Each structure stands twice: as structure tokens, then as C-alpha cells.
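# Sharing a model prediction with you, sequence too.
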Amino acid sequence: MAIHGLPVSSTPLKPAHFDIERAVRPNILALHPYRCARDDYQHGVLLDANENALGHSVVPETQSQAENNTLSLPLHRYPDPSHPDIKARIASLRGLPGTQNVFLGVGSDEVIDLLQRVCVAPGKEKILITPPTYGMYAVCAQVNDVGVVKVPLELSGEHGEGGDKGRFSLRVDEVKKAIDADPSIRLIHLCSPGNPTGTLISLSAIRSILEYPNFTGIVVVDEAYIDFAGATEHSAVSLISEFSNLVVMQTLSKGFGLAAIRLGIALAQPPLIQVLTNTKAPYNVSTPTATLALSALSPASLALTQSKIQTLLTGRTALLASLAGLADLGVGPAIGGNDANFVVVPILSRSGDARPDNKRALAVYKSLAEEKGVVVRYRGGEMGCEGAVRITVGSDEENAFLIQKLKEVLTVL
């Protein structure tokens, strides 16, 4: 069955065991997408979309609002439904052939939801996740009435942190066993670097799952934090040309510092991108978001982004050293690969037995937030993260303030 909007190609998809007609729900393959007014024409006297021809009526209440360039945008017009200029810059940045490899969504959460709706039949089929991991995979699954199979990451630190066998690495053989035991698994969600693990999944592990002939679904690699880990050498984007059963998710929220504009990205071969495009809402990315995103992807902005990332990486190293200096007060060694813009450290029991202590960690978390004005994230309830708090790398001043207040709290609790 042809995918609507995708030119017919005689080039066989790889790997050989993957068939997109089996990976995508039949009703989605047959879908003729809603055709909106801006799909046809975007210029001229536009009297086709029932917009308010007199423009918006937002009256600035302050001088800063009056100087806000957003209000000068054509906010009374529906946005471009496809945003080819943004896609072209993303494709160039990530080394992909062109816009046909890029999908844009309202944050990565829209991409997660779309992929589940497109690929997993409600009430019948399942996704696979690898806890500890990003919570929205399971939330979207519950909303969409699809099952969840859990294959935990390696939780022991016996072989170090990250890599192929260390803590929070992907247990490839266990994933394959789960696939063999349950053919209803249609999506595998991997997070690299992980949240809350801060740990890269090796490309060799991802490749092994993509090549596994018993899995005929799609592997989704969430790379929200990849810019802090070396996007060129560690990104699964390098595998897209080989594997039509791979989707890589990225975002402008983390490395680009644009969490407020909510722009998520899916990168894949054209058939999957076309399916997502056919399924999305007609005007999902707003004009203000698109305008800021295009500017963020300019050469000057990319250079500044890289500079800030390097500053944060330097800050991460310094923060880890400062936290290690609190060992006598019960801060354990950081766990995970430290491949993102945060670190995860266990808070240990005051008894001196060097065991992570959830009760103490939760008390530290609450005291920092409610008494000291520093908000970190308690992660002790996550698998393999007993007693842990997750700390985002801040500015030098914020990191120093955190260490000062954490020392005060640990001295008492």
C-alpha cells in the first residue's frame, strides 16, 4: 500500500526484515491527510482560511511587551504547515540528505504520542521501555491504551558506569528475549543520554536491536540531551541512512536553551517522516515558535549555542568535583555516565554504612526547595536510583549556591 504523499520508490528498505506496511497501522497507511488552506497558497490576498483580516488586538501593557517582536508577526494568519526552511537547517546540521528526513512537532512529547498512535494498535499491541527512563513513554501508552513491557537497564555498577556493560547500559540480550516472548511489541523507546540516567546507550547496542530480525517494529531513540554528549560521534542519526526502522528524536529545549518554544524533532528515512506528516494536526508548529527556531539555527546562533554548551560541560566537571567534596557529609559518588547537562548523586545514610537513603534524600530535596531556595529533583523512586537526587548544571554562581546550601542541609539532616 502506497503512503499518501510519498513518491513511489523501487529502492528496497533496509534492514530486509523490516516492512513499513507491517510496522504502521493499516488505517494510518490508508489515511489521506487533512489539506489545509496554506498547503495550496501562502501569498497574495488571502481570503481562503476565514482568518481575521484586520489582525490581532493585543495591546501591550508594558514597554517590554511593546518592544516584543512577536507582536509584529502575522499572528492573524495560520502558520506554514511544513516549515521547509527550519527542516533544511536541521538536516544540514545533523548531516541528513534533506527536508524529507525531518519532522517537527510540539515538543518531543507530540512525536512520542504520534509514533504510538501510528504504530501501536490500542488494546492489542505494546511498547517496550527500559527503566529508569523518561516517564512520558508510559504516560502516552496509557493514554493510547497500549501495553508496556519493561526491560530494566543494567542497574549494577559492578562494571563501571555506562558503556556496553556498565551501570545504565542497555541489556541487549534481555531486550531480544522480551521481543521473542511477545510479538505484540511494536515500538522500542530508548533514551540516550537517558533521563534520569544521564548515560549514553552505545551505538553498537542500538545497531544490534535494529538488526534483530525477530523485531519488525520501530526503534525510537530519544536524544534530547545529545548536544551535551557529542552529537557527531555518539548520535544514532549516523544510523538513519542504514535503517528504515529507526526514528531519532531531538529537541531545541536542552542544548539550544529554548524549552519555552516547544519544538520537537523526529529524524528518519522519508517513509516514516511522511507517515508522521500525514497524521499530525495541520498547523502544529506556531509562527512565533517557527520564527525563533529558524533564528536559533542560523550560523551565528549555532556558534553561540556551542559556546554555551562548552561552558556547561566545564561547569559539569566543576560541579562533580564540588559534590565529591561533600562525601564526608553523605554525598555518594555520581552514578551514570554524566553525558547530559545534569548529574545524579545518591544521598547516603548518616549511619556511615555508605548505603543510599531514600528517606534522607527526600528530606534533603524538600529542605533545599522549601528552606534554601534551591530546587533539584528527587529520583529515589526510580529503578536503580535509590537515594538519588538529580541536579541540573547551572551557572557558576548557581552551582556555588547549591553547594553552599546543600552543605548546610546535610549538616543538619
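Arrived safely.
# Please make it C-alpha for all contacts and neighbour counts, starting now.
Noted.
# Just give the nearest non-adjacent residue to N338, would you?
Closest residue in space to N338, ignoring its immediate chain neighbours: G198 at 5.2 Å, by CA to CA, 6 or more residues apart in numbering.
# Mind telling me what element that neighbour is part of?
Using DSSP states H and E, no element contains G198; it sits outside every helix and strand.
# give me every residue that touches it.
By CA atoms under 8 Å, 6 or more residues apart in numbering, G198 lies in contact with S192, G336, G337, N338, D339, A340, N341, F342, V343, V344.
# Please identify which of those residues is nearest to T311.
Taking CA to CA as the measure, T311 lies nearest N341 of the contacts of G198, at 10.7 Å.
# Retrieve the pLDDT associated with that closest one.
Note on N341: pLDDT of 98.
# how close does the closest residue to it other than its chain neighbours get to G166?
Leaving aside its sequence neighbours, N341 sits nearest to V393 (CA to CA, 6+ apart; 5.6 Å). Per CA to CA, to the nearest Å, V393 is found 23 Å from G166.
# One more: R377?
24 Å.
# about what we covered before: please produce TSV containing the contacts of G198, extended by neighbour count, distance to E242 and secondary structure.
Listed next are the contacts of G198 as TSV, based on neighbours: other CA atoms under 10 Å; distance: CA to CA, whole Å; DSSP: H, G, I helix; E, B strand; the rest coil:
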residue	neighbour count	distance to E242	secondary structure
S192	30	19	coil
G336	27	29	coil
G337	24	27	coil
N338	24	29	coil
D339	23	25	coil
A340	29	26	coil
N341	23	30	coil
F342	22	32	strand
V343	26	33	strand
V344	26	34	strand
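# Tell me how many other residues crowd the residue nearest to N245 when sequence neighbours are not counted.
Nearest-residue entry for N245: I218, 4.8 Å, with adjacent residues in sequence omitted and distances by CA to CA, 6+ apart. A count of nearby residues for I218, using other CA atoms under 10 Å, gives 26.
# From what I see, I218 and A23 are in contact.
Yes - the pair I218 / A23 is scored as a contact, 6.9 Å apart, by CA atoms under 8 Å.
# so what sits against both of the two?
Counting by CA under 8 Å, 6+ apart, the shared contacts of I218 and A23 are R186.
# hey, where'd the helices end up in the stretch 251-400 of the chain?
Ranges of helices in the stretch 251-400 of the chain, per DSSP state H, counting those that start in this stretch, are 270-279, 287-296, 299-324, 358-371, 396-412.
# low-confidence ranges in the stretch 1-150 of the chain?
Residues of the stretch 1-150 of the chain meeting the criterion pLDDT under 70: 1, 10, 12, 65-67.
# what about the helices in it?
Under DSSP H, counting those that start in this stretch, the stretch 1-150 of the chain gives helices at 20-23, 26-29, 37-40, 63-66, 84-94, 107-119, 136-143.
# buried stuff in the fifth one?
Taking 16 or more other CA atoms under 10 Å as the neighbour-count basis, helix 84-94 is seen to contain the buried residues I86, K87, A88, R89, I90, A91.
# now for it, which elements pack on it?
Judged by 3 or more CA pairs under 8 Å, 6 or more residues apart in numbering; DSSP states H and E, the packing partners of helix 84-94 are strand 102-105, helix 287-296.
# Kindly export the shortest one (C-alpha atoms) in CSV.
Included here for strand 102-105 are C-alpha records, laid out as CSV according to Å, rounded to 0.1, in the frame of the first residue of the first chain:
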residue,chain,number,x,y,z
VAL,A,102,12.8,15.9,9.2
PHE,A,103,9.5,16.1,11.1
LEU,A,104,8.6,18.9,13.5
GLY,A,105,6.3,18.6,16.5
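# How about residues contacting that strand?
Counting by CA under 8 Å, 6+ apart, 87, 90-91, 111, 263-268, 273, 276-277, 284-285 sit against strand 102-105.
# Swap in 7 Å and give it another go.
Residues outside strand 102-105 that contact it (CA atoms under 7 Å, 6 or more residues apart in numbering): 87, 91, 111, 263-268, 273, 277, 284-285.
# Throw the residues you listed into a markdown table and include distance to T232, thanks.
Listed next are the contacts of strand 102-105 as a markdown table, based on distance: CA to CA, whole Å:
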| residue | distance to T232 |
| --- | --- |
| K87 | 18 |
| A91 | 13 |
| V111 | 22 |
| L263 | 21 |
| G264 | 19 |
| I265 | 17 |
| A266 | 17 |
| L267 | 14 |
| A268 | 16 |
| I273 | 22 |
| T277 | 26 |
| N284 | 29 |
| V285 | 27 |
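# For P131, state which of these is nearest.
Set against P131, the nearest of these by CA to CA is V111 (19.7 Å).
# ok, for that closest one, nearest residue in space, not its chain neighbours?
G105 (6.0 Å).
# in the sheet, who's paired with the one you found?
For G105, the beta-bridge partners are G264 (DSSP bridges).
# of all the helices of the stretch 251-400 of the chain, which lies closest to P60?
Nearest to P60 among the helices of the stretch 251-400 of the chain is helix 287-296; the distance by CA to CA comes to 16.5 Å.
# Can you dump the C-alpha atoms of the closest one in CSV for me?
C-alpha atoms of helix 287-296 as CSV (Å, rounded to 0.1, in the frame of the first residue of the first chain):
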residue,chain,number,x,y,z
THR,A,287,4.6,31.2,13.8
PRO,A,288,6.3,32.5,17.0
THR,A,289,7.9,29.1,17.6
ALA,A,290,9.0,28.8,13.9
THR,A,291,10.5,32.3,13.8
LEU,A,292,12.6,31.7,16.9
ALA,A,293,13.6,28.2,15.8
LEU,A,294,14.8,29.5,12.4
SER,A,295,16.9,32.1,14.1
ALA,A,296,18.3,29.6,16.6
